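Novice: output the structure for:
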Amino acid sequence: QQTLDSGFIISGASYNQLNSKYETCLIKTNLNGDTLWTKYFSSNNNSYGESVTQTSDGGYIIGGTTGENFNAIKTDQFGNVQWSKEIDKGSTERCRAIVQTNDLGYLMAGVIYKISDLDILIIKLDNLGNELWLKRIGGSLNEDAYMIQPIINGGFILVGSKYSMGTNDDLLLIKTTCDNFPTTSISIIDTICNAGNLSSTIVGQQQFGATYQWTKNDSIIQNANSAYLLSSDLGTYNLTITDVNGCSNKSNNIDINFPLPYFQIYPKTACPLDLVKMGDWGFSSDIYSSYTWDFGDGTTDTGRIASHIYLNTGTYVISRTVNTSNGSCSAYTDTVTITNSAIPPVDFDLLINSVNPVNNVACPGDKIEFIPYAYSYWFISPPPFDATSYFWDFGDGVTDTSKFPIHYYNTNGSYTITLTVTNHCGNVNSITSTILISSGLISTINSNFSWKDTQGVIGSTVSPCEQIAFQSMTGISYSWNFGDGNSTTTTSNITNHYYNSNGNYNVVLVVTNGCGLSDTTTKIISVNGICTGINLNSSNQKSSITIYPNPFNKLASVKISNYFKDQNYTFIICDVQGKEVKRIKISTSEFEIDGTSLNAGMYFYFLMNRNERIVAGKLIKSL
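Specialist: Okay, here's the model as predicted:
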């Protein structure tokens, strides 16, 4: 779409290799098609921008698809998100078009997949993205929508296609006969105990003169003709409302599901004073207002997940009861045995360079993080057992007693790792595993990296003088070239950098692992905006200084790169005649300048180390 400044706005999708999914992207260009900025919007699923238009406030509205749902993203004129709405209609939907309407709301049009064919789906939003109404248009053939426009005197006109398998498409042109469709949105307002069974009350909008029809699993419910429905049957429900003008609309779907208050106990056999944990890990459907626990020893608790310490031996019956607004029902029970002979459960897993490995194979010098529970279960595992002590033997003569140790193997070989835990009875249990350390591994190393701006947005256009966090996921050594004449080599996978001026910079990362294998990745980072600070750095100096904002009135912040704690730096400010006006002894790489005593004007600075050598800045004459 062309924008009011004669440039263009483009929506689409970009594949993020780091997250292995597509992200909606928004690109602003000038009249000649040169990119001014690019924004990326990620979600838990693949996300695509299918349509975009400029809004009356100068911002933009993107219509697209996230996962299997309609998705609308509203931004300001610079592409910053103001709100985002994902609309789930219980099926597979694709949004093709979005426009702003005369009431400053939005119309979205696309397709919804049924079991046997496709229907056109139209959704009306208000100016904040809240759904006002929904319309499905279709018959026995496949109908799809590609463009939609509001009509001045109300309603809208739509262009799409109509076809069946093996036949040619027909052009489909639709003009609505209703200016507005009735609002249809249903929700569960309460879950109650009804004759000992759980039941839910579902409600839709009460509208004057309207008629109602509820369905369950796409079948009509006889005599269910009000805006309310009380049901204890499992299934998928929706409501069709027809207004006084004969305009009908179907609501969103509501799934009625009453999971039993099932829970797990861990460990099932424990010592007195051991912490026993109870919960529904991996079974977290939570439709109840509250829970009540009875631990079987005269004590109780509340909450979906609980823990308890038993003081005496014995077998205890634990029950959890779900509570609704009108009472309690559907209790679930299980038992725990407390005995002085209980053996503590033990398990462990490990991360190699922050990644859970398929096999326990690593290079010399790789960072190994040890976790005292089964981190890599395919399902959600219970929480770790809280032992009184942990003893790790890494098999190379080194031991550790911390709960989450970190260890580095520097020599090739096969090592047997042993974890021994102790419970409150003094009983112990151990588990062993083997790790292979080899500098001759034939393995790949991925130097892919990403960056975040100060707002936490990944891979976006950044501003000059803004601190950017660059991050890589694997390796033990990282050599960065930021494309602006600055580079650094670190042993941390996260490093910070800022750019002094606008432009596109080639960022090059070389990652090396403990086997000596290296990999290189180059990416372009776009810097665009107004610098709120100034960076002065001479090519023959070892450090650089950033002062922001510049100019400043009372206080300014200062950041020093390549800062060494043992240097005892002095920061000196001089006026234009070279006269010293302020001297600051500093002991940190970041500090503030109080300028309330300085007259307005231009000043020079330099940074001196303990050997009275200038390491950064500019001095116009000797003192």
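
Novice: quickly find the element holding residue 319.
Specialist: Here residue 319 is covered by strand 314-324, with elements defined by DSSP states H and E.

Novice: can you give me the buried ones in that strand?
Specialist: Within strand 314-324, the residues that count as buried by 16 or more other C-beta atoms under 10 Å are 316, 318-324. In this view, the C-beta of every residue, glycine as well, is placed from N, C-alpha and C.

Novice: cool, and stretch 268-275?
Specialist: Result for stretch 268-275 [16+ other C-beta under 10 Å]: buried residues 269-272, 274-275.

Novice: want to try CSV for those residues, with secondary structure, pLDDT and distance to residue 95 as columns?
Specialist: Formatted as CSV, those follow (DSSP: H, G, I helix; E, B strand; the rest coil; pLDDT from 0 to 100; distance: C-beta to C-beta, whole Å):
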residue, secondary structure, pLDDT, distance to residue 95
269, strand, 96, 54
270, strand, 96, 53
271, coil, 96, 58
272, coil, 96, 60
274, coil, 96, 54
275, strand, 95, 49
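
Novice: surely residue 463 touches residue 453?
Specialist: Yes - assessed by C-beta atoms under 8 Å, residue 463 is found in contact with residue 453 at 7.5 Å.

Novice: so which of the buried residues of strand 314-324 comes closest to residue 209?
Specialist: residue 324 (33.9 Å; C-beta to C-beta).

Novice: how close does the closest one sit to residue 68?
Specialist: Distance, residue 324 to residue 68, using C-beta to C-beta, to the nearest Å: 32 Å.

Novice: for residue 402, grab phi and psi.
Specialist: With angles defined as degrees, to the nearest 10, residue 402 sits at phi -80, psi 160.

Novice: number of residues surrounding it?
Specialist: 10 (other C-beta atoms under 10 Å).

Novice: hang on, it packs against residue 390?
Specialist: Yes - under the criterion of C-beta under 8 Å, residue 402 makes contact with residue 390 at 6.9 Å.

Novice: partners of residue 270 in the sheet?
Specialist: Here residue 270 sits in beta bridges with residue 338, going by DSSP bridges.

Novice: residues in contact with residue 361?
Specialist: 435-436, 438, 441, 443 (C-beta atoms under 8 Å, 6 or more residues apart in numbering).

Novice: do a quick rundown of the helices in the stretch 301-450 of the chain.
Specialist: For the stretch 301-450 of the chain, applying DSSP state H, counting those that start in this stretch gives no helices.

Novice: nope, the chain is what I was after
Specialist: Under the criterion DSSP state H, helices are not mapped anywhere in the chain.

Novice: so in it, where's the weakest helix or strand by average pLDDT?
Specialist: Lowest mean confidence among the helices and strands of the chain (mean pLDDT, DSSP states H and E): strand 534-536, at a mean of 42.

Novice: where does the stretch 451-600 of the chain dip in pLDDT?
Specialist: Across the stretch 451-600 of the chain, the ranges flagged by pLDDT under 70 are 473, 531-543, 548-551, 553, 562-567.

Novice: what segments of it are strands?
Specialist: Using DSSP state E, counting those that start in this stretch, the strands found in the stretch 451-600 of the chain span residues 468-472, 477-481, 487-490, 494-497, 503-512, 518-527, 534-536, 545-548, 555-560, 570-574, 580-585, 590-594.

Novice: so which of those is nearest residue 421?
Specialist: Closest of the strands of the stretch 451-600 of the chain to residue 421 is strand 494-497, at 32.5 Å (criterion: C-beta to C-beta).

Novice: packing partners for the closest one?
Specialist: strand 468-472, strand 477-481 (3 or more C-beta pairs under 8 Å, 6 or more residues apart in numbering; DSSP states H and E).

Novice: list the buried residues in it.
Specialist: 495, 497.

Novice: what strands flank that strand, and is each parallel or antiparallel?
Specialist: strand 468-472 (antiparallel).

Novice: got the contact list for residue 440?
Specialist: Residue 440 sits in contact with 412, 515, where contact means C-beta under 8 Å, 6+ apart.

Novice: and it, its phi and psi?
Specialist: Torsion angles, degrees, to the nearest 10, at residue 440: phi -100, psi 20.

Novice: tell me the pLDDT of it.
Specialist: Reading off the confidence values, residue 440 has pLDDT 75.

Novice: against residue 515, how distant is it?
Specialist: Using C-beta to C-beta, we find residue 440 at a distance of 7 Å from residue 515.

Novice: equivalent analysis for residue 474, please.
Specialist: With C-beta to C-beta as the criterion, residue 474 and residue 515 are 12 Å apart.

Novice: buried only: go through the contacts of residue 361 for me.
Specialist: By 16+ other C-beta under 10 Å, these give 435, 438, 441 as buried.

Novice: the last one is in contact with residue 514, isn't it?
Specialist: No - the pair formed by residue 441 and residue 514 falls short of the contact definition of C-beta under 8 Å, at 9.0 Å.

Novice: what touches both of those two?
Specialist: In contact with both residue 441 and residue 514: residue 363, using C-beta under 8 Å, 6+ apart.

Novice: residue 596 touches residue 554, doesn't it?
Specialist: Yes - at 5.4 Å, residue 596 and residue 554 qualify as touching, with contact defined as C-beta under 8 Å.

Novice: more crowded one of the two?
Specialist: residue 554 (10 against 7).

Novice: in contact with that one, which residues?
Specialist: With C-beta under 8 Å, 6+ apart as the criterion, the residues that contact residue 554 are 594-596.

Novice: let's have the residues you listed in TSV, adding distance to residue 500.
Specialist: Below are the contacts of residue 554 laid out as TSV (distance: C-beta to C-beta, whole Å):
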residue	distance to residue 500
594	25
595	22
596	27
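
Novice: and which of those residues is nearest to residue 73?
Specialist: For these, the residue nearest residue 73 by C-beta to C-beta is residue 595; the value is 42.0 Å.

Novice: now for residue 470: which residues touch it?
Specialist: 449-451, 480, 494-497, 507, 509.

Novice: oh, that last question was meant for residue 513, not what I typed.
Specialist: 353, 363, 365-366, 445, 474-476.

Novice: one more pass at 10 Å, please.
Specialist: 352-353, 362-366, 439, 441, 443-445, 474-477, 519 (C-beta atoms under 10 Å, 6 or more residues apart in numbering).

Novice: that one and residue 488: what is the separation?
Specialist: The value you get for residue 513 to residue 488, if C-beta to C-beta is used, is 19 Å.

Novice: ditto for residue 162
Specialist: From residue 162 to residue 488 the distance is 60 Å (C-beta to C-beta).

Novice: now do stretch 588-598: distance to the chain's middle.
Specialist: 37 Å (C-alpha atoms, centre = their mean, to the nearest Å).
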